[in-house]
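In: this is a predicted model, with the sequence first.
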Amino acid sequence: MKARGGRRRLAWHAVAFGLALLGPAARASDSSRVLVEGSHDDPVMRRVVAELRSSGLVVVEVEGSASDAPAAADRAVVGALVGIGPGSGIRVWRVNPSGARVGEPEVLGAHPGDDAAVAAVRAAEIVRARLLPADLPSPAPPALPAAGPPDVDAVRSAPAPAKRSRFGLGAGGLALFSPGGVPPALNLALMVRWLPSGPLVFRGLVAMPAALPTLSSAEGQASVSEWLLGGAVEWSLLAADSPWDATLGLGAAAAHIQTHGEAVAPFVSAGGDGWTSLPFVFASANRSLGVPYVRAGVQLLVGTTAPTVAIGFAGRQVAKWGGVLVGSALGLEVEAY
């Protein structure tokens with residue numbers, strides 16, 4: 001009886017020893033299991049699970065937070081842990097046979113919730129590269145549709161996007177209207193436009209006399225020259241790839257008014273000049289003409305001068321330039337860069 005009992009005890013010890021040897025091997029054999037932790041309603045988590053399973057990995061899904069990761073990984077006996085959260089992005093840990101996370105996680109950055117496919121593929125690639133055993137078959141690449149002849153009509157009907165350049169030069173006619181008795185003047189306007197970033201626009205303006213208005217009275221007549229130098233800060237209202245462009249902004253200019261008189265005897269001819277400031281509201285609209293780098297546009301400014309410039313004959317004021325001032329320009333713009 002003692003010998004038989006001894007043989008039984010020896011058999012049990014042999015079984016226990018065998019299980020002890022098989023335990024690490026069984027745990028190591030589960031390195032192809034991956035624990036994916038996150039919200040089941042998250043489209044990124046669903047895509048990650050699908051990508052990993054398509055690689056031949058066994059996926060265990062857990063609803064929880066990153067603080068439960070070690071315990072969950074130990075219970076599932078896995079080789080990797082993938083944590084997915086909108087606030088913490090996607091993180092991938094390796095898990096050792098004892099169920100503990102190894103080292104720092106691979107972090108994919110912020111959770112790109114609007115691009116679940118890209119995030120899922122990137123996370124799955126990290127897990128496959130580190131954990132996928134060599135004897136597991138790789139998923140077959142998706143079949144691509146056979147390439148057919150190009151749709152000629154579709155290619156022809158797709159116009160190239162119109163993109164505004166950062167610098168532009170413009171020229172056109174600028175008509176200025178003043179209610180103080182000076183007839184409308186036509187000036188040559190030269191403008192430069194700069195787009196430093198986004199919809200912000202800076203514009204410089206120089207206007208010089210082209211057709212001079214004249215004033216007449218019993219003492220003689222005088223021509224009036226108007227010079228402007230200023231600029232505006234504007235905001236573009238349309239997309240950069242639109243053939244149309246519209247801006248709205250504020251600006252200011254210095255105005256130099258010159259007069260040249262031709263007197264009737266016995267009066268003596270004389271001239272004069274004066275300076276004033278012109279703050280204004282500025283608006284513009286232009287469109288590509290279909291010719292590379294060329295646009296046609298119209299500009300409008302409404303402002304007020306401070307102070308007005310008085311124009312007199314023989315000591316008598318006959319008109320004034322300024323007050324409420326309206327200007328309208330029409331011209332072409334060439335995109336320089």
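Out: It's in. The structure presented is a predicted model; accordingly, all values stated were derived computationally and were not measured.
In: from now on I want contacts and neighbour counts done on CA atoms only, so please keep to that.
Out: Noted.
In: the residue nearest the centre of the chain: what's it in contact with?
Out: Computing the C-alpha centroid of the chain and ranking residues by CA atoms, centre = their mean puts Gly198 first, at 6.8 Å. Gly198 makes contact with no residue, according to CA atoms under 8 Å, 6 or more residues apart in numbering.
In: can you check Ala254 too?
Out: Under the contact definition (CA under 8 Å, 6+ apart), the residues listed for Ala254 are Leu228, Leu229, Gly230, Trp275, Thr276, Ser277, Leu278.
In: report pLDDT for it.
Out: Turning to Ala254, the model gives it a pLDDT of 97.
In: just the element for it, please.
Out: Secondary structure assignment for Ala254, by DSSP states H and E: strand 244-263.
In: tell me which helix or strand comes right after that strand.
Out: Scanning forward in sequence from strand 244-263, with DSSP H and E defining helices and strands, the next element found is strand 271-288.
In: convert that next one to CSV, retaining C-alpha atoms only.
Out: In CSV, the C-alpha atoms belonging to strand 271-288 read as follows (Å, rounded to 0.1, in the frame of the first residue of the first chain):
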residue,chain,number,x,y,z
GLY,A,271,-1.8,129.1,-58.2
GLY,A,272,-2.1,127.4,-54.8
ASP,A,273,-2.0,124.0,-53.1
GLY,A,274,-3.2,122.4,-49.9
TRP,A,275,-3.0,119.1,-48.0
THR,A,276,-5.7,117.1,-46.2
SER,A,277,-6.2,113.6,-44.8
LEU,A,278,-8.8,111.2,-46.2
PRO,A,279,-9.8,108.2,-44.1
PHE,A,280,-12.1,105.8,-46.0
VAL,A,281,-14.0,102.6,-46.3
PHE,A,282,-12.8,100.4,-49.2
ALA,A,283,-14.4,97.6,-51.1
SER,A,284,-13.3,95.8,-54.2
ALA,A,285,-14.4,93.0,-56.5
ASN,A,286,-12.4,91.3,-59.4
ARG,A,287,-12.6,88.3,-61.6
SER,A,288,-10.1,86.2,-63.5
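In: quick one: strands adjacent to the next helix or strand after that strand?
Out: Moving toward the C-terminus from strand 271-288, the first helix or strand encountered (DSSP H and E) is strand 294-304. With DSSP bridges as the test, strand 294-304 is paired with strand 271-288 (antiparallel), strand 324-335 (antiparallel).
In: which outside residues touch strand 294-304?
Out: Contacts of strand 294-304 from elsewhere in the structure, counted by CA under 8 Å, 6+ apart, are 278-289, 322-335.
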